[in-house]
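> Give the three-dimensional model of this entry:
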Amino acid sequence: EALNLPYGHVIESFDHSHIQGTNPVSAMVMFKDGRPEKSGYRKYKIKGEVEHQSGADEAANTREVVYRRYSRLIKENTPLPDLILMDGGIIELRAVMDVLQNELGINIPVAGMVKDDHHNTSHLIFGEDGIEVPLDRKSQGFYLLQRIQDEVHRFAITFQRKTRSKNALSSRLDDIQGVGPKTRTKLLKEFGSVKKMKEATIEQLTALGISKTTAQTIKITLASTDFHKKYSKG
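Numbering: from 1, shown residues only. Below you'll find the model as predicted:
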């Protein structure tokens, strides 16, 4: 009602996450009739991010994930959502609208979820000029907006932390003598974490086609207490 839209069942919401411009990712959550539809959640590793001194380019990241999401739905002839909510301001809002209308030729209502100075849900913005849409803070609509904004932020942050942890592990494996790109990929695919690699036996490692000497080197390296403390967090 606040956005003057017809009743809709499905809302999809996006948020980006990065650490000082590195390891940028995006996440999307789906709410159906006001409830999280977790089978519809999606994660995106940003492929063509533009980085500068102030961090990742939010507009470029927005354009990429929105194009990837909805070009796929169009290709698969899958129903489009009734509303898209972006965590962000006018820059993200305009980026989404431009991609949908001028690149994909579709019309999905889009609104931006704005936070106050204390990072709490404040209001929506809507349209090319980002007109503020005030909401009654005690209304069910406002509570739904809070849940969506909190959930997409949680999902994006969780994904970013896992990505950062895997990247740290991947980088450390590269420093181990005898571990090349193929071996690293095998290890990450089979075990996925320091804890599981540390628990693996020499036989389990050599079963991946790794020499016994390299397997022993991996075990010794991962047994380092300092390494475990540094890379097993997050």
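> Next, Leu3: secondary structure please.
coil (DSSP: H, G, I helix; E, B strand; the rest coil).
> you'd agree it is up against Ile125?
No: taking contacts as CB atoms under 8 Å, Leu3 lies outside contact range of Ile125: 10.4 Å. Placement of C-beta: from N, CA and C, glycine included.
> what about those two, which has more around it?
Ile125 (21 against 15; other CB atoms under 10 Å).
> which residues does the nearest residue in space to that one that is not next to it in sequence form a beta bridge with?
Of all residues not flanking Ile125 in the chain, Gly112 sits nearest, at 4.4 Å (CB to CB, 6 or more residues apart in numbering). Per DSSP bridges, the residues bridged to Gly112 are Met86, Ile125.
> Distance of Gly112 relative to Tyr70?
17 Å (CB to CB, to the nearest Å).
> Need the residues touching each of Leu3 and Ile125.
In terms of CB atoms under 8 Å, 6 or more residues apart in numbering, Leu3 and Ile125 are both contacted by the residues Ala111, Val133.
> just to revisit the earlier point, quick one: residues contacting the residue nearest to Ile125.
Leu85, Met86, Asp87, Gly88, Gly89, Ile90, Glu92, Leu93, Leu124, Ile125, Phe126, Gly130.
> measure it to Asp15 for me?
For Gly112, the distance to Asp15 equals 11 Å [CB to CB].
> Overlap of the contact sets of these two?
Counting by CB under 8 Å, 6+ apart, the shared contacts of Gly112 and Asp15 are Met86, Asp87, Gly88.
> out of those, which is most surrounded?
Met86 (27 neighbours).
> per-residue confidence for that one?
Note on Met86: pLDDT of 93.
> Show me the domain layout of the chain.
10-163, 176-232 (the TED database).
> related to what we said a few turns ago, of the contacts of Gly112, closest to Lys43?
Distance to Lys43 across the contacts of Gly112 (CB to CB) is lowest for Asp87, with 15.0 Å.
> Not counting its neighbours along the chain, what's nearest the closest one?
Nearest residue to Asp87 in three dimensions, chain neighbours excluded: Asp15, at 4.0 Å (CB to CB, 6+ apart).
> Also Pro134?
Closest residue to Pro134 apart from its sequence neighbours, by CB to CB, 6+ apart: His123 at 5.6 Å.
> how about that neighbour, secondary structure?
Taking three-state DSSP, the label given to His123 is strand.
> distance of it from Gln149?
Taking CB to CB as the measure, His123 falls 11 Å from Gln149.
> and these two? which has more neighbours close in?
Taking other CB under 10 Å, His123 and Gln149 do not tie; Gln149 has more neighbours (22 against 19).
> Correct me if wrong: the more buried one contacts Asp116.
No: here Gln149 does not reach Asp116: they are 11.7 Å apart, not a contact under CB under 8 Å.
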